[in-house]
Each structure stands twice: as C-alpha cells, then as structure tokens.
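K.L.:
quick check, what structure comes out for this input:
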Amino acid sequence: MRGTVRALFVTPEKKGKPVEIEQVQAAQGGFDGDFHARVANRRQILMLSTDVLAEFRLPPGSLRENMVVEGIDVMTLPADQKLRVGDAVLEVTGPCEPCIQMDRLRDGLRSALAGKRGMFVRVLTPGTIRVGDAVEMQ
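P.N.:
You can find the predicted model right below:
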C-alpha cells in the first residue's frame, strides 16, 4: 500500500490556527514549528486521510491535522507500523479520539468522526517531508 502527502500543517501557538506549508522538517519531537512537538510525546503528528475530509466536505487543516494523506486509509494502520514519508521514518502510535473542538466546527461532528479522526505518528528518523511525497510502509 502506498499513499501521497497532499497537505501539511503546523500550529505555531497554543489554540492557534493551523498554517499550511509545502514542506516541513520532521524532527525528533514532531514537525518543526508546531506547538505540539515534544520528544516524549507519542502524539507528535496527526495524520488524516483525504477521504475523511471529502466525506464531511471539509477543507484540509480544518480538523487540526498535521498531514493529509491520499491513497491510504490511515485508520487501518496498526500501532507500531513504520512509514517512510519523504526523508523521514514515522511510527504509528494510535488513533486520535475526536474531542469537543469538533462540535465547535460543526454540531454532531465529534460523534460522526468516531473511528475516523486520524492516527498519531511519532518521528523515528528525522527528515524533510514535502507535499507530493510518497507514504510507504516499511
């Protein structure tokens, strides 16, 4: 199975708006410039499938994801699955549960996103990730 990075986002400050970027350095704690990046955090980067955005008619970045991937249903990836994305190697750590913020975007979205909100990954090997890069299972 192979996918493609379609969008990248960082959120520079707490409660800030995600900023779309064309490339990012995936460092030991997550994406450089992202408020949530921490080395000890298993929730460094939130990866979401394009199909979820299409299903709910939402633009990329609206679910506060860091990376939008086409061609892979990220919810089917098992924990510990390693992925090569651009120059980086990432590891799936688990699903993201929808929070109350989703209902602020659209009433009922939190429950509708159950089991679809995306998967968290952490950085194993730092490197540059660009829009258009392949996402490959390792």
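K.L.:
so which elements touch the least confident helix or strand in the chain by mean pLDDT?
P.N.:
Every helix and strand in the chain was compared by mean pLDDT, DSSP states H and E; the lowest is helix 100-105, with a mean of 89. When contacts are defined as 3 or more CB pairs under 8 Å, 6 or more residues apart in numbering; DSSP states H and E, helix 100-105 packs onto helix 109-112. Where C-beta positions appear, they are placed from N, C-alpha and C, glycine not excepted.
K.L.:
what about the helix it packs on, average pLDDT?
P.N.:
Taken as a whole, helix 109-112 has an average pLDDT of 94.
K.L.:
so what does that helix touch, helix or strand wise?
P.N.:
Short answer (3+ CB pairs under 8 Å, 6+ apart): helix 109-112 packs on helix 100-105.
K.L.:
hmm, who's touching the helix it packs on?
P.N.:
58, 62-64, 109-110, 113, 117 (CB atoms under 8 Å, 6 or more residues apart in numbering).
K.L.:
let's see it at 6 Å
P.N.:
109-110, 113 (CB atoms under 6 Å, 6 or more residues apart in numbering).
K.L.:
and those residues, which is closest to Thr76?
P.N.:
Leu113 (16.0 Å; CB to CB).
K.L.:
thought that closest one was touching Cys96?
P.N.:
No. Judged on CB atoms under 6 Å, Leu113 makes no contact with Cys96 at a distance of 9.1 Å.
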